Structures are given as structure tokens and as C-alpha cells.
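S.K.: My questions are about this predicted structure, shown below with the sequence.
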Amino acid sequence: GAVVSQHPSRVICKSGTSVKIECRSLDFQATTMFWYRQFPKQSLMLMATSNEGSKATYEQGVEKDKFLINHASLTLSTLTVTSAHPEDSSFYICSAIGRTPDTQYFGPGTRLTVL
Amino acid sequence: AQSVTQPDIHITVSEGASLELRCNYSYGATPYLFWYVQSPGQGLQLLLKYFSGDTLVQGIKGFEAEFKRSQSSFNLRKPSVHWSDAAEYFCAGVAPGGGNKLTFGTGTQLKVEL
């Protein structure tokens, strides 16, 4: 139980385009989802907290117009990187809380490469 | 400020040897503590967690961790390491009532020599 999926696992796009990443809780309803960014050989940096049906809460320094988050249902949150640039290339990981309070379960991550 | 520290960036052990990965925390109150493992290019898998109660916590894959309040530590241990344990290990904490925001340590890269 407590499986979280992400799609796509890898994406390569041209500079200036937008990319959408999906995060799904497969066997539980996620009241809260989180989006993280991880640079090579570094720890995870929390980008935003997403609650179903409400606006996401962004961490300081994260551009909300750049990284659009939508948590439309209890099993799906999406992160859209708008007008992507090479510096947005990174590993994006989502997590979800639902069945077990205070415990985050992580998706497998999405590798974004912007050319 | 709340923080989680993993003093060891890299650790190398021989297969079959015992393992201990260190984690120290700094919180105003006792946090909830977690250990996650990340294989290359993968997300994080939860190994174990401590909320309260018994200070020795058993996890998956033969891992355990001991919460020591006096040392502000939550070290991860395994009595006999397997080659497949080679990965990045993250310790993380959440302040109770802190909105579930995890604070991660910087990670420890484990290498297993055959």
C-alpha cells in the first residue's frame, strides 16, 4: 500500500516550452501532496505544499508563476513548469500523505532536461 | 532553527559487515524522525519512522534505528550489509504540528564493497 506514481519519468523539452508532471496516489486518497526538487548529489528541496481543492503554498524563493501546481482531486496533483529554461533542468519528486498521518510516501521522480 | 544533520557524506563498508549511519537533529521539541533510501534515479523509499514510544524502531530490509534523546540522535543500523543496500540514505524530521514539512539531512552515500 501507499504507492505514489509520477508521469512522465523522463522528459526532454526545448527552452520556452511548458512541461506538465503528474503525481498520483494509487491506493489511497492524498489529503496533502508535496513537490520537491533535487539537484545532482544534493538533498531534496521542498518547493510547495498542495492540498486538494485549495491553492498551493509555495516555499520562499519558489516562483509560483513559474511552477504551477494543481491538486484537482484526492489522488492527483500536477506540476507545470512554464516557459522552461535550462536552469529548470532537475529531478522533480512528489510525495503524498493520506492513509498514515505525518508520513510522506514518495513518487519515483521525474527527470526534466531543458535544452 | 530546525535542522537534521548527517555528518557522513560517504561511507564504504564490506558486504556482510555491520553498518551505522549517523543522524542528529535539532528541534525545540522531539520531532518525528524518518529514514529514507534513494537508489540512483529513483524516488525515496521509507525505511522506518519514529513518532514516540519504543526508542528502537524496526524497519524494512533488516534496518533498525535507535532514538536517543540525550544525544539528539537517530542512527540507522543494519547488522549485515548486502551489496543491494548501496544507495543514498536520507534522515528527515518533522516538528509535531509543523504542517508535515520534512527537513532533510544532506544524505549519506553508502558504497558496498564485495
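M.R.: Yes, it's here.
S.K.: so what's the residue nearest the centre of chain A closest to, chain neighbours aside?
M.R.: What sits nearest the mean C-alpha location of chain A, by C-alpha atoms, centre = their mean, is A:Trp35, with 3.7 Å. What sits nearest to A:Trp35 in space, not counting adjacent residues and going by C-beta to C-beta, 6 or more residues apart in numbering or on different chains, is A:Met47, at 4.5 Å. For the C-beta atoms, the positions are set from N, CA and C on the backbone; glycine is no exception.
S.K.: ok, now which ones touch that neighbour?
M.R.: With C-beta atoms under 8 Å, 6 or more residues apart in numbering or on different chains as the criterion, the residues that contact A:Met47 are A:Phe34, A:Trp35, A:Tyr36, A:Arg37, A:Tyr58, A:Glu59, A:Val62, A:Phe67, A:Leu79.
S.K.: In strands only, show me the residues you listed.
M.R.: Judged by DSSP state E, the subset of the contacts of A:Met47 located in strands is A:Phe34, A:Trp35, A:Tyr36, A:Arg37, A:Tyr58, A:Phe67, A:Leu79.
S.K.: Number of residues surrounding the closest residue to B:Ser14 other than its chain neighbours?
M.R.: If the residues on either side of it in the chain are set aside, B:Ser14 comes closest to B:Glu113, at 4.9 Å by C-beta to C-beta, 6+ apart. Residue neighbour count, defined by other C-beta atoms under 10 Å in any protein chain shown, stands at 11 for B:Glu113.
S.K.: Point out the residues in chain B that sit beside chain A.
M.R.: Taking C-beta under 8 Å from any C-beta of the partner chain as the criterion, chain B approaches chain A at residues B:32, B:34, B:36, B:41-46, B:49, B:51, B:90, B:94, B:99-102, B:104-107.
S.K.: and these, which are buried?
M.R.: B:32, B:34, B:36, B:42-46, B:49, B:51, B:90, B:94, B:100-102, B:104-107 (16 or more other C-beta atoms under 10 Å in any protein chain shown).
S.K.: OK, contacts around the closest residue to B:Gln38 other than its chain neighbours?
M.R.: When the adjacent residues along the chain are set aside, B:Gln38 lies closest to B:Glu88, with 4.5 Å between them (C-beta to C-beta, 6+ apart). Each residue near B:Glu88 by C-beta under 8 Å, 6+ apart is listed here: B:Val37, B:Gln38, B:Ser39, B:Gly107, B:Thr108, B:Gln109, B:Leu110.
S.K.: Which of those residues lies at the shortest distance from chain A?
M.R.: Proximity to chain A was ranked across the contacts of B:Glu88 by C-beta to the nearest C-beta; first place goes to B:Gly107, at 5.4 Å.
S.K.: what about the closest one, distance to B:His10?
M.R.: In this structure, B:Gly107 and B:His10 are 10 Å apart, going by C-beta to C-beta, to the nearest Å.
S.K.: Ok, A:His7 next?
M.R.: A:His7 sits 33 Å away from B:His10 when distances are taken as C-beta to C-beta.
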